[in-house]
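Trainee: Output the structure for:
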Amino acid sequence: RDLDANANQLTRFGNSTMPRREIFLLTVKGERARPGLTASLTETMGKHDVTVLDIGQAEIHDMLSLGMLIEAPAEPGLNVLKEIVFMAHHLGLTVNFTPISSPDYERWVAEQTKPRFTVTLLTRRLQATYLAVVTKILFDNNLNIDSITRLSGRMSLRGAQASGQGFKNSRSALQFEVSGKPRNVDQMREELFKVSFTQPVDIAIQDDDLFRRNRRLILFDMDSTLIQCEVIDELAKKAGVGDKVAEITESAMRGELDFKESFRRRMRLLKGMPESVLQGIAETLPVTEGAPRLIANLKRLGYKVGILSGGFTFFAHHLQKKLGIDYVHANELDFKDGKLTGEVKGEIVDGNRKAELLQAIAKKEGLNLKQVIAVGDGANDIPMLKLAGLGVAFHAKPKVKEQAKVGISTLGLDGILYLLGVRDREALNEVVDASLNEVMLPTAKL
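Mentor: As a prediction, this is how the structure comes out:
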């Protein structure tokens, strides 16, 4: 490149009484960054009164890509650029300079006011097909991808083959920072949501604002969310009334019974069950994959954690002790002479009650509702999922996912960490209690 020739064509800043300045986009590429590279570059620039307007760097498999937008004095021969080229050649790197005009620069500055979103892609194994589908939707909605970050750890192909499990228990997560004004935000969310109907991948889109990075309260449904069973069904099996309870449940799902009435009918079938049977079930609750890891990391970050369940406090309190949960609100079983009476004490916790409790806990903690995460799988979780700043439909039916802001169907509960921008290398991996019966989730089926 003939730097002197380019210098004569560049747009100058300021008026005739000010030193002329030029803007360049500098790109450096080559093998993995060597210690001191940035220091050497900026030291050279500093000698020539260079201003750094923007900078970004990425490494993929030992290959470096560094970009800098700089403003430099329009000195004869543009010596600073020549010095940078000489230094890069000495280090075995390739350097390119692109002159940027004043109008182009000001246009780029003005674009920082565009709406910004964070898109998170979750799957077990990242296929190019998933990226093609997601990026096509973003493009069709006038969004520009500003950056892509891998949140999950590096994946060993050798390890996956040796385990015999393939990629069943692996995790892949990418975070896209995108900007632009989509034609219709709700329609775009629906398009991204529907990808999970045909591909084993979850895509979440969130407004890139202060609240996304400052959630402070997470509230879980219990049955089929925090644990991988429906406790009332387990109790019914022990009581020998599993079929009858299932019939009532199906009737409620058809809309023939509301939640409270179906709950009371099922409870009456459990009358006379000894408390010892409940204790045995409580000690073997199958904790959902990733739940201990998620809660341990959120507690480390100062989160408050709660259970809002249409199940029972008897079992929720057991999980509370094991996982370090702060709040528990569920139905309290009534015992007489060590046996169930078939009734519950107090108000039945249904969907509306969960939403009320979410608001009450957020108020007690002094939090905006946008700082709350709600996680559930059933129809009675919809009110709290819609109310929370981040509502996560976890391995839920499509009807529930449509009402929530985000759905996770491919990973365990610790996939929520990715929605918060937490990288694997930043997160704790140890389980809170080794006695927990943590179960892996089945691979998503389409």
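Trainee: alpha carbons only for contacts and neighbour counts from here, please
Mentor: Noted.
Trainee: in the sheet, who's paired with Ile205?
Mentor: Under the criterion DSSP bridges, Ile205 forms beta bridges with Val119.
Trainee: Just give me the neighbour total for it.
Mentor: Using other C-alpha atoms under 10 Å, Ile205 has 22 other residues around it.
Trainee: Hmm, Arg189 and it touching each other?
Mentor: Yes. Between Ile205 and Arg189 there is a contact under C-alpha atoms under 8 Å: 6.8 Å.
Trainee: ranges for the helices of the stretch 51-200 of the chain?
Mentor: Applying DSSP state H, counting those that start in this stretch to the stretch 51-200 of the chain gives helices spanning 79-90, 102-110, 128-140, 157-163, 185-198.
Trainee: Show me what the longest one packs onto, helices and strands only.
Mentor: Contact here means 3 or more C-alpha pairs under 8 Å, 6 or more residues apart in numbering; DSSP states H and E; on that basis helix 185-198 packs against helix 128-140, strand 201-207.
Trainee: cutoff 6 Å now
Mentor: Helix 185-198 sits against no helix or strand, with contacts defined as 3 or more C-alpha pairs under 6 Å, 6 or more residues apart in numbering; DSSP states H and E.
Trainee: Tell me the buried residues in it?
Mentor: Across helix 185-198, burial judged by 16 or more other C-alpha atoms under 10 Å covers 188-189, 192-196.
Trainee: and the two most separated of those residues?
Mentor: Met188 and Ser196 (13.8 Å; C-alpha to C-alpha).
Trainee: Phi and psi next, for Cys142.
Mentor: If you look again at residue 142, you'll see it is Asn, not Cys. phi 60, psi 30 (degrees, to the nearest 10).
Trainee: what residues are up against it?
Mentor: Pro182 (C-alpha atoms under 6 Å, 6 or more residues apart in numbering).
Trainee: cool, and Ile373?
Mentor: Ile373 neighbours (C-alpha under 6 Å, 6+ apart): 218, 388, 390-391.
Trainee: what do you get if the cut-off is 7 Å, keeping everything else the same?
Mentor: 217-219, 388-391 (C-alpha atoms under 7 Å, 6 or more residues apart in numbering).
Trainee: Quick one: neighbours of Leu53, just the number.
Mentor: Neighbours of Leu53 using other C-alpha under 10 Å come to 12.
Trainee: Could you list the low-confidence segments of the stretch 301-446 of the chain?
Mentor: For the stretch 301-446 of the chain, the stretches with pLDDT under 70 are 430-435, 442-446.
Trainee: Okay, strands next: where are they in it?
Mentor: Here the stretch 301-446 of the chain has its strands, by DSSP state E, counting those that start in this stretch, at 304-312, 327-336, 339-345, 372-376, 390-394, 406-408, 437-439.
Trainee: For those strands, please prepare TSV with the additional fields distance to Ser251.
Mentor: Formatted as TSV, those follow (distance: least, C-alpha to C-alpha, whole Å):
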stretch	distance to Ser251
strand 304-312	17
strand 327-336	21
strand 339-345	20
strand 372-376	21
strand 390-394	23
strand 406-408	26
strand 437-439	30
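Trainee: out of the ones you listed, which comes closest to Asn352?
Mentor: Of the strands of the stretch 301-446 of the chain, nearest to Asn352 by C-alpha to C-alpha is strand 304-312, at 10.8 Å.
Trainee: Could you check the closest one and say which residues are buried?
Mentor: Quick answer for strand 304-312 (16+ other C-alpha under 10 Å): 304-312.
Trainee: Would you check how far apart the closest residue to Asp54 other than its chain neighbours and Ala110 are?
Mentor: Nearest residue to Asp54, sequence neighbours excluded (C-alpha to C-alpha, 6 or more residues apart in numbering): Leu69, at 5.0 Å. Applying C-alpha to C-alpha, to the nearest Å, the value for Leu69 to Ala110 is 16 Å.
Trainee: And for Glu332?
Mentor: 57 Å.
Trainee: between the strands of the stretch 301-446 of the chain, which one is nearest to Thr129?
Mentor: Here strand 406-408 is closest among the strands of the stretch 301-446 of the chain (C-alpha to C-alpha), at 18.8 Å.
Trainee: tell me which strands and helices that closest one is in contact with?
Mentor: strand 201-207, strand 390-394 (3 or more C-alpha pairs under 7 Å, 6 or more residues apart in numbering; DSSP states H and E).
Trainee: So which of those is the most surrounded?
Mentor: Each of those was assessed for mean neighbour count using mean count of other C-alpha atoms under 10 Å. The highest is strand 390-394, with a mean of 28.
Trainee: What strands flank that one, and is each parallel or antiparallel?
Mentor: Paired neighbours of strand 390-394 in the sheet (DSSP bridges): strand 372-376 (parallel), strand 406-408 (parallel).
Trainee: Lys304 and Asp326 touch, don't they?
Mentor: Yes. Using C-alpha atoms under 7 Å, Lys304 makes contact with Asp326 at a distance of 6.2 Å.
Trainee: For the closest residue to Gln359 other than its chain neighbours, give me its contacts.
Mentor: Residue nearest to Gln359 in three dimensions, not counting chain neighbours: Leu369, with 7.3 Å by C-alpha to C-alpha, 6+ apart. Counting by C-alpha under 7 Å, 6+ apart, Leu369 makes contact with 362, 388-389.
Trainee: Out of the residues you listed, which is nearest to Met155?
Mentor: Closest to Met155, out of all of these and judged by C-alpha to C-alpha, is Gly389, at 31.8 Å.
Trainee: how near is the nearest residue to Ile145 once chain neighbours are set aside to Pro115?
Mentor: Spatially, and ignoring its direct neighbours in sequence, Ile145 is nearest to Val178 (4.4 Å; C-alpha to C-alpha, 6+ apart). For Val178, the distance to Pro115 equals 9 Å [C-alpha to C-alpha].
Trainee: quick one, which of the two is more surrounded?
Mentor: Between Val178 and Pro115, counting by other C-alpha under 10 Å, Val178 is the more crowded of the two (22 against 15).
Trainee: show me the contacts for the more buried one.
Mentor: With C-alpha under 7 Å, 6+ apart, Val178 has these contacts: 116-118, 143-146.
Trainee: Look at it and report its pLDDT.
Mentor: You'll see Val178 listed with a pLDDT of 96.
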